[in-house]
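A.B. asks: 3D, please:
(8 chains)
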Number of protein chains: 8
Amino acid sequence: MALSVYLAGQIHDDWRNEVRKKAEQKALPLHFTGPQEDHSLSDDIGEKILGEQPSKEYHDDAASSINNFRTRILLQKADVVIAYFGESYKQWNTALDAGSAIQAGKPLILIRPDSLIHPLKELSNQADVTVKTIDQALEVLAYLYK
Amino acid sequence: MALSVYLAGQIHDDWRNEVRKKAEQKALPLHFTGPQEDHSLSDDIGEKILGEQPSKEYHDDAASSINNFRTRILLQKADVVIAYFGESYKQWNTALDAGSAIQAGKPLILIRPDSLIHPLKELSNQADVTVKTIDQALEVLAYLYK
Amino acid sequence: MALSVYLAGQIHDDWRNEVRKKAEQKALPLHFTGPQEDHSLSDDIGEKILGEQPSKEYHDDAASSINNFRTRILLQKADVVIAYFGESYKQWNTALDAGSAIQAGKPLILIRPDSLIHPLKELSNQADVTVKTIDQALEVLAYLYK
Amino acid sequence: MALSVYLAGQIHDDWRNEVRKKAEQKALPLHFTGPQEDHSLSDDIGEKILGEQPSKEYHDDAASSINNFRTRILLQKADVVIAYFGESYKQWNTALDAGSAIQAGKPLILIRPDSLIHPLKELSNQADVTVKTIDQALEVLAYLYK
Amino acid sequence: MALSVYLAGQIHDDWRNEVRKKAEQKALPLHFTGPQEDHSLSDDIGEKILGEQPSKEYHDDAASSINNFRTRILLQKADVVIAYFGESYKQWNTALDAGSAIQAGKPLILIRPDSLIHPLKELSNQADVTVKTIDQALEVLAYLYK
Amino acid sequence: MALSVYLAGQIHDDWRNEVRKKAEQKALPLHFTGPQEDHSLSDDIGEKILGEQPSKEYHDDAASSINNFRTRILLQKADVVIAYFGESYKQWNTALDAGSAIQAGKPLILIRPDSLIHPLKELSNQADVTVKTIDQALEVLAYLYK
Amino acid sequence: MALSVYLAGQIHDDWRNEVRKKAEQKALPLHFTGPQEDHSLSDDIGEKILGEQPSKEYHDDAASSINNFRTRILLQKADVVIAYFGESYKQWNTALDAGSAIQAGKPLILIRPDSLIHPLKELSNQADVTVKTIDQALEVLAYLYK
Amino acid sequence: MALSVYLAGQIHDDWRNEVRKKAEQKALPLHFTGPQEDHSLSDDIGEKILGEQPSKEYHDDAASSINNFRTRILLQKADVVIAYFGESYKQWNTALDAGSAIQAGKPLILIRPDSLIHPLKELSNQADVTVKTIDQALEVLAYLYK
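C.D. replies: Model (predicted):
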């Protein structure tokens, strides 16, 4: 049984490659999707497609309309969502996507370091499973096939 | 036509009182709900009801289970949601509640200062209306009755 | 049994007053809602609340975000929707609101002059009832109470 | 990840072929569906299958019942909807299909020339992405695979 | 706790009055709705409102569009549906309304004489409760208040 | 695009074979499902699997529980439903299945002889397309592929 | 804000009276509903209304159809569900109702003694809040009004 | 037509192997899923992945979060659910999963020995089909292909 897993979280480092590589090592039949990982492409996609915008705010809004379009399609196709929080960045998109996923009935794994226990306590309590590391998240996914 | 408005956002200052007072001044038939505004009660409600927990993490999880219970009921009853972001605090709960509200089809107003345009661009693009101030949010609500 | 009826259609003339007056004459327990009927207020509400926008396109987008917010809330509260088409104006909003209402399971009455039979044939076929005049629409509503 | 894209819009010229050809050139794994593109077949399908009707109005209603049947099935199967507006024709079906698609949670791209900014402002504001040209719409679709 | 009960079934005799009178005798806080009980009004309502139709078939279709409009609104408002079958008449509308009600999650009581056990066995098996008489149906409703 | 079509209707004659054969002749990529067509198997399946029942009523209820189980699964999988009415038999199951299908948003073709126009007028008005013959129903299905 | 609370659980002792009395002492605006609390009425309601049944199994099935009818209506009306487990009785209905409530999106409080931690661990993990006593459940409800 | 069948029930003996083997003997195109059948793995999976927990209660809660995650995914993918009750064990999970499945519209077969008729009467009445043995359940599934 192949499953599609949406990887919500920041796009500043390559944590998704780690997820993909480890899933491959375990030979799990998982298909991973997620937001655009090329950060400058993600930020500039609005003007790239729609042309110059009148200000930074409209530059941002144009980009986010296209990024949101992508996210909606991929979230609707996902069987599972992983929301990954690290110690840097605002990561409001991650919380937003997690809220959408929970309300849409998508099973959700939260990955969160110990330092974020307090500010993420409500999200953790709503998630199906909360773990601290990518390795643990993959063990949870592997358990589906045992 | 009376409407119920859920006020999502931090509970560190009394911005909700400002909302309530200004709605009253405009004589809008709005009923406001929101999370527990007594911060220490919100943080400690888990142990207060369920008794001592084995660690800070479980203290937090116990509290958040009761706070989430409250939020779910009030969000389900809401006709409109306002998500308020300021320049301080992590505010992941606000993004989480906004994501839930959008997915549940609840019309959403985002209040956000200019300094947060970039990190909140995806949420802003998904919201029905984005404003910068509480006054503007109330003008949007007042427009429903014009 | 009181019902809420959303009146979708252009806001260039006062056809809604005719609906309201005739419902009152028939003493039907109906509550009517609809878009902002003050046309210039509707067009300018974006800049009025959000301040000056960089161009006519953003002026329009700001206004429509607030008008759409209003429409969503009122459509969600409606028990019945009336979509009124006349011989003038583009009236794409009317068709858009009708499409939303049908998909949301809201019973829909279409009012349409004979001259628009051909271009509105798909909408007419999806509507619950198609009539030619406001008087007929009110007779259909009155039938609910017979 | 193959996706099904419904192409809502008029059937007077062959804009859909342009979409299909350009998607093929980009080697996008997209499957396009849409209304009957043979205009006279679309107009006459009612009488063709159901026999002569008593008047032009019933001729139209018979045809639209079969066209609506087709549209519902294809829209339910679609992952994405494109709504294309040009400067000619009433195009109420396009607005109607767009309203249905939005309410059904289907991600929507609106293609619209600058001359229609004002009359389509509400639809544009509800769409996930608004563009001006077919080329831009395809770039948005291509972004899903980057 | 007041409840709204939709009474699906033929409109050839006055079984609904019997239901209403017996509910009143038991002082149950029930509000009953149902199709138009004036049979000739029900049959002719299409032409009465929409004017002369080209044939008997269109006469019937016009009437049924207005009757279906009424039924949809009242079924959506109902907390409970009673489907009543007797030994006469085709009663396909009763089965149709029962199918709609079951699929919409409306609790359903079927009233059916012994002679119809075999042809109504699938509907009976899908109904929440099957009884033989109006008195039994009212006892089931009365049980909600015990 | 292959589609699954559920064939609701009586199981006394072999109209479904006619549908299947004609679809094959037209080379339509349709997969047909429907109720158990072996009438005595359908009637007796309850006792066959569950053992002797205390009376004819329980014999019928046992069979219908298994037939309903089958119908629910196949209707949930169907993209399209055809409801076929002929001049004989009570056919309440057909109306019941049609009501379920409509409420579940399944596109529906009604096949009905002229003699049943009046008693089936409400179902006809709710169906997506009403035709008189199996041949016409297949032409409607064929139109999906033109 | 008045709320309706469904009290799922066994009907062998009068724990619901304790809940009602304590809510009254706290002056909470709660309306409590639940299954029939008169145990022998609950067990015999089938034969009381429908007449003698052929065996104990059918006696039970007749009663449960009427009890399930009651439960569905009241659960659909409930804003909150409390599932109460004690050390005696099989209590499968309580688990069944809890499963329904969770799937229907009803916020759920589980009351469970320490001795049942292990066998109820999955239900506890799915509940919004798990407590050990009726007093704690009422404190959770009271928190909604603080 | 291949179907996915979720096997809800205790994991103390190997009844699922019996189901699988018999389905294979009948050459039914069924894919079976279910909870983790290795009992000690199921009980200990929480600490295995998440590390040592502060008490038996938290050990249990950690395990159940991962087991519930698995169950939700597999139930969402299932076309049919079988709930199996035997004479031993508390089996509240089975009733919980059955309640979820019914509310989610999944067709459900209940397997139950005669000794449990009374305590499972409400669940039996809500199930699509109730049987006594695994063999009977497989005959019901086989009937889908006849």
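A.B. asks: For A:A101, give its distance to A:R72.
C.D. replies: For A:A101, the distance to A:R72 equals 11 Å [Cβ to Cβ, to the nearest Å]. In short, each C-beta sits where N, CA and C put it, glycine included.
A.B. asks: what's the single longest strand in chain A?
C.D. replies: strand A:3-9 (DSSP state E).
A.B. asks: Could you list every helix and strand in contact with it?
C.D. replies: The contact analysis (3 or more Cβ pairs under 8 Å, 6 or more residues apart in numbering or on different chains; DSSP states H and E) places strand A:3-9 against helix A:15-25, strand A:30-33, helix A:56-77, strand A:80-84, helix A:92-103.
A.B. asks: closest one to chain C among these?
C.D. replies: helix A:56-77 (7.0 Å; Cβ to the nearest Cβ).
A.B. asks: would CSV of the helices and strands packed on strand A:3-9 with distance to chain D and mean neighbour count be doable?
C.D. replies: Formatted as CSV, the helices and strands packed on strand A:3-9 follow (distance: least, Cβ to the nearest Cβ, whole Å; neighbours: other Cβ atoms under 10 Å in any protein chain shown):
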stretch, distance to chain D, mean neighbour count
helix A:15-25, 14, 15
strand A:30-33, 7, 18
helix A:56-77, 4, 21
strand A:80-84, 16, 26
helix A:92-103, 11, 26
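A.B. asks: Figure out which of these is closest to B:A8.
C.D. replies: helix A:92-103 (10.1 Å; Cβ to Cβ).
A.B. asks: For A:M1, give me the pLDDT.
C.D. replies: pLDDT, A:M1: 89.
A.B. asks: and it, what does it touch?
C.D. replies: Neighbour list for A:M1: A:29, A:144-145, H:31, H:33, H:77 [criterion: Cβ atoms under 8 Å, 6 or more residues apart in numbering or on different chains].
A.B. asks: Need the residues that contact stretch A:52-59.
C.D. replies: So stretch A:52-59 is contacted by A:44, A:46-47, A:61-62, B:114, B:117-118, C:54-55, C:58 (Cβ under 8 Å, 6+ apart).
A.B. asks: how much space is there between the closest residue to A:E18 other than its chain neighbours and chain D?
C.D. replies: Nearest residue to A:E18, sequence neighbours excluded (Cβ to Cβ, 6 or more residues apart in numbering or on different chains): A:I134, at 5.5 Å. Distance of A:I134 to chain D, given as Cβ to the nearest Cβ, to the nearest Å: 23 Å.
A.B. asks: A:E52 too?
C.D. replies: Between A:E52 and chain D the computed distance is 13 Å (Cβ to the nearest Cβ).
A.B. asks: so where is chain A shaky, pLDDT-wise?
C.D. replies: In the prediction, chain A carries no residues with pLDDT under 70.
A.B. asks: Residue of it nearest chain E, please.
C.D. replies: Proximity of chain A to chain E (Cβ to the nearest Cβ) peaks at A:G105, 17.0 Å away.
A.B. asks: For that residue, give its distance to F:Q103.
C.D. replies: 21 Å.
A.B. asks: A:A137 too?
C.D. replies: 40 Å.
A.B. asks: okay, the angle between the longest strand of chain A and helix A:92-103?
C.D. replies: 140 degrees (axes from the mean of the first three to the mean of the last three Cα atoms, to 10 degrees).
A.B. asks: what's in contact with strand A:3-9?
C.D. replies: Counting by Cβ under 8 Å, 6+ apart, A:15-16, A:19, A:29-35, A:74-75, A:77-86, A:91, A:93-94, A:97-98, A:101, A:106, A:111, A:141, A:144, H:73 sit against strand A:3-9.
A.B. asks: Assign the residue of chain A most remote from its centre to helix, strand or coil.
C.D. replies: Largest separation from the mean C-alpha position in chain A: A:P54, at 30.0 Å (Cα atoms, centre = their mean). Using DSSP: H, G, I helix; E, B strand; the rest coil, the structure places A:P54 in coil.
A.B. asks: I appreciate the help and will end here.
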